[in-house]
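Enquirer: curious how this folds, go ahead:
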Amino acid sequence: MNKPPDVRVLVIDDEEPIREILSQIISNAGYQIQVVPDGNSGLKAMSEGDYDVVLLDMHLPDISGLELIPRLRESSPETSLIMITGHATVESAVRAIKAGAYDYLEKPLHAEDVLLAIRQGAERKKLLDQNRYLQQTLDQRYGFDNIIAKSKKMMDIFEMIRKIADTSTTVLIQGESGTGKELVAKAIHFNSSRKGGRFVPLNCGGIPETLLESELFGHAKGAFTGAASSKQGLFQVADKGTIFLDEVATMPLSTQVKLLRVLQEGVFYPVGATTPVEVDVRVLAAANQDLDQEVKKGVFRQDLFYRLNVIQINLPSLRERPEDILLLAHHFLKKHCADQSRETKQFSPEAAEYLTRHNWPGNVRELENAIEHAVALCPGNTIKIGDMPRHNQAVELDQVILPLDRTMKEARDLFEKQYVEGLLRITGGNVTKAAVMAGMARQNMQLKLRDYGISSKAFSLKNGE
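Expert: Predicted coordinates:
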């Protein structure tokens, strides 16, 4: 299948015969075209669609072409603007170019001149888009250095990434929320031969079901109410690159069918279109849920699951790799001190102990948020437990049992004993700090320890206080 040139052209001209001639020339060349009769309609079209080339008349009924050029450039700086006039002079050509036009055509128009200008303008737009994209990612390091870890589980995942990065194999990344699934996807893309193409992420769960198909595959003009112009889908944007579909389990079954066809054939139809689009895109998918279980529930297609699950990477939760916690914490500490223009800080021994003992249900994302919070609130150079978010300062118990076979006093004493032990655990056995956190005098805390037979030394840090 020969893929037609993926170029979108907007024509702004008040003369209907000119619009008809240009429509025929441009559509016959396989380009997408939209025509409007005046400047305000052109501005509206530019705000609603993405165009590579705009052909605009010098003399329009509402706004002159020269006045329109800077407004069009403000809307889309990379779009190539080509001025058309029947009153060509050297002076008007110079004025148009100075105003920001890319090229200049004189009426009567000749098909070969029009198509040459469009081809050159579209190539310029493509190069500017690529340059902008590369500039945006120049200061970002998408690779193994961006994933902070030393645990064996993560080292095994790095080795897997090295093996599969430079292939076109579909990969399913599974793990709890906040474990770094998108970072792994970026590491795969930017360590592959596709790194010159785009990495396009999409959170499927963040898009309404009614709009997800259009977001992924695009739509034709008039495909539905509000579709004033055609729109590229993210699969076209990611052509020759990688698309990352996060929370893929939330995708409706109707969209799953289209995704399956793209994976099988590399072809899809934009919503409302009759012409197929062919793309070369590597698909990386991620899910918080166990997709195998979603298949059994009947909410995820089994054939799509098999297509996505060619290679599976299971990211461990942060509590499964405790040796990485302080490594990550110091990385985030350095990062957020710099971001907030703060002096470099350090963790107190009890704060470090607390970090390693916390269960981190939100994983790496929760850890980073906690460090950012602490950096913002810490008044000195040492971060303490009190600088951490209050909702994080609970100690998770392996099992909570209601002692219904005991009296109220016995149950209260049991709770109080566990509460005191929890305070000592996160303070590293520091009785004074535990008393402060409990809102009581140190002497009263000492009495509690004696009453319950608790030794603070059992909770002391390895390095002591």
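Enquirer: on the three-state scheme, the residue nearest the centre of the chain is what?
Expert: With distances taken as C-alpha atoms, centre = their mean, Pro201 lies nearest the centre of the chain, 4.9 Å away. Put simply, Pro201 is strand when judged by DSSP: H, G, I helix; E, B strand; the rest coil.
Enquirer: can you tell me the helix or strand for the nearest residue to it once chain neighbours are set aside?
Expert: Of all residues beyond its chain neighbours, the one nearest Pro201 is Phe244 (4.4 Å), with distances taken as C-beta to C-beta, 6 or more residues apart in numbering. Where you see a C-beta, it was placed from the backbone N, CA and C, and this is true even at glycine. Assigned by DSSP states H and E, Phe244 belongs to strand 242-246.
Enquirer: sheet partners, orientation included, of that strand?
Expert: Here strand 242-246 has these sheet partners by DSSP bridges: strand 199-203 (parallel), strand 282-287 (parallel).
Enquirer: deepest of the ones you listed, which one?
Expert: When the strands paired with strand 242-246 are scored by mean count of other C-beta atoms under 10 Å, the highest mean neighbour count falls to strand 282-287 (a mean of 25).
Enquirer: which residues sit against it?
Expert: Residues from elsewhere that reach strand 282-287, judged by C-beta atoms under 8 Å, 6 or more residues apart in numbering: 168-175, 181-182, 185, 188-189, 192, 194, 241-249, 259, 262-263, 294, 308.
Enquirer: that strand: what's the following helix or strand?
Expert: Strand 282-287 is succeeded, C-terminally, by helix 291-297 (DSSP H and E).
Enquirer: next SSE after that next one?
Expert: helix 302-308.
Enquirer: which neighbouring elements make contact with that next one?
Expert: Where contact means 3 or more C-beta pairs under 8 Å, 6 or more residues apart in numbering; DSSP states H and E, helix 302-308 is packed against helix 253-265, helix 291-297.
Enquirer: rerun that using 10 Å as the cut-off
Expert: strand 171-174, helix 253-265, strand 282-287, helix 291-297 (3 or more C-beta pairs under 10 Å, 6 or more residues apart in numbering; DSSP states H and E).
Enquirer: buried stuff in the last one?
Expert: By that I understand helix 291-297. 291, 294-295 (16 or more other C-beta atoms under 10 Å).
Enquirer: ok, now which ones touch Ile157?
Expert: 144, 147, 149, 151, 173, 180, 184, 187, 313-316 (C-beta atoms under 10 Å, 6 or more residues apart in numbering).
Enquirer: list the buried residues of the one helix or strand it maps to.
Expert: Ile157 is part of helix 152-164 when elements are defined by DSSP H and E. Neighbour counts over helix 152-164 (16+ other C-beta under 10 Å) mark 154, 157, 160-161, 164 as buried.
Enquirer: from those, which is closest to Leu447?
Expert: When the buried residues of helix 152-164 are ranked by distance to Leu447 (C-beta to C-beta), Met154 comes first, at 45.8 Å.
Enquirer: my read: the closest one touches Leu315, true?
Expert: Yes: at 8.5 Å, Met154 counts as touching Leu315 under the criterion of C-beta atoms under 10 Å.
Enquirer: need the overlap of contacts for these two.
Expert: 180, 184, 321.
Enquirer: out of these, who has the most neighbours?
Expert: Val184 (25 neighbours; other C-beta atoms under 10 Å).
Enquirer: what sits against that residue?
Expert: Per C-beta under 10 Å, 6+ apart, neighbours of Val184: 146-147, 154, 157-158, 160-161, 171, 173, 175, 244, 284, 286, 313, 315.
Enquirer: how about Gln340?
Expert: By C-beta under 10 Å, 6+ apart, the neighbours of Gln340 are 372, 375-376.
Enquirer: chain neighbours aside, what residue packs nearest to Ala458?
Expert: Counting by C-beta to C-beta, 6+ apart, the residue nearest Ala458 is Gly429, at 7.1 Å.
Enquirer: give me the element that neighbour is part of.
Expert: Gly429 belongs to no helix or strand, assigned by DSSP H and E.
Enquirer: state the distance from it to Glu416.
Expert: Separation of Gly429 from Glu416 (C-beta to C-beta, to the nearest Å) stands at 18 Å.
Enquirer: repeat for Leu315
Expert: With C-beta to C-beta as the criterion, Leu315 and Glu416 are 39 Å apart.
Enquirer: can you give me the strands in the stretch 1-150 of the chain?
Expert: For the stretch 1-150 of the chain, applying DSSP state E, counting those that start in this stretch gives strands covering 8-12, 32-36, 53-57, 80-85, 103-106.
Enquirer: mean neighbour count and mean pLDDT added to those, as JSON lines?
Expert: Below are the strands of the stretch 1-150 of the chain laid out as JSON lines (neighbours: other C-beta atoms under 10 Å; pLDDT from 0 to 100):
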{"stretch": "strand 8-12", "mean neighbour count": "25", "mean pLDDT": "94"}
{"stretch": "strand 32-36", "mean neighbour count": "21", "mean pLDDT": "93"}
{"stretch": "strand 53-57", "mean neighbour count": "26", "mean pLDDT": "94"}
{"stretch": "strand 80-85", "mean neighbour count": "24", "mean pLDDT": "90"}
{"stretch": "strand 103-106", "mean neighbour count": "18", "mean pLDDT": "86"}
